[in-house]
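Q: Need coordinates for the following:
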Amino acid sequence: MYKTFYDSPIGKLIILSDGKSITNLYMEKQKYINLEKIRESIEDNSLEVFIRVKECLDNYFNGKKVSFREIPLNLEVSDYRKKVYEILLNIPYGKMRTYGDIALEVASLNGKNKCSQAIGNAIGHNPISIIIPCHRVVGKSNIGGYAGGVSKKKKLLEIEGNVNYS
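A: I've put the predicted structure just below:
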């Protein structure tokens, strides 16, 4: 495993890779961070995937509409969470969805209902923040939580020009 760091307007980001794909993107001090995985990773700023993701992050934080779809991801999660994260990847830049919207979409894929709590749990444990845009998922009547902190979620939404939230 390899790691690199990125200084962003929302604080230091820690990016992990298997050498070809991004496996994790954490905000410093966020919930559910795998400190052991970070400690055991070798810092290597020259990996092509790190160079590409940093270019995308530069553009993103400079207010440019960015699609992270070109960045290869390796999700080490359950099939259920992969489905949830695929739905999140399809939320367009500058748009938001509610936890309920995501629950309905997962239910339509699975053919059965899944409670919003399970959806919230999967979203809260998103291992690749920003790239998998869990910050675009809000509550029906409020902004909702965020593993990186609600102030960072608000900042990310503002960067995308989305200021219409409670």
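Q: I'd like to know which elements the top helix by length along the chain is packed against.
A: As assigned by DSSP state H, the longest helix anywhere in the chain is helix 48-61. Other elements packing on helix 48-61 under the criterion 3 or more CB pairs under 8 Å, 6 or more residues apart in numbering; DSSP states H and E are strand 2-8, strand 11-17, strand 22-27. Backbone N, C-alpha and C define where each C-beta goes, glycine included.
Q: export those to TSV and tack on distance to Pro133?
A: Putting those into TSV (distance: least, CB to CB, whole Å) gives the following:
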stretch	distance to Pro133
strand 2-8	15
strand 11-17	14
strand 22-27	11
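Q: Return the most buried member of these.
A: strand 22-27 (a mean of 23; mean count of other CB atoms under 10 Å).
Q: I'd like to know which elements it is packed against.
A: Partner elements for strand 22-27 (3+ CB pairs under 8 Å, 6+ apart): strand 11-17, helix 48-61.
Q: coming back round to it: tell me the angle the longest helix of the chain makes with strand 2-8.
A: If you take axes from the mean of the first three to the mean of the last three CA atoms, to 10 degrees, helix 48-61 sits at 10 degrees to strand 2-8.
Q: residues of whichever helix or strand comes after helix 48-61 that come out buried?
A: Following helix 48-61 in sequence order, the next helix or strand is helix 79-89 (DSSP states H and E). Neighbour counts over helix 79-89 (16 or more other CB atoms under 10 Å) mark Arg81, Lys83, Val84, Tyr85, Ile87, Leu88 as buried.
Q: Who does the closest residue to Ile128 other than its chain neighbours form a beta bridge with?
A: Distances taken as CB to CB, 6 or more residues apart in numbering put Leu25 closest to Ile128, at 4.7 Å, once the chain neighbours are dropped. When assigned by DSSP bridges, Leu25 has beta-bridge partners Ile15, Ile128.
Q: Thanks a lot, catch you later.
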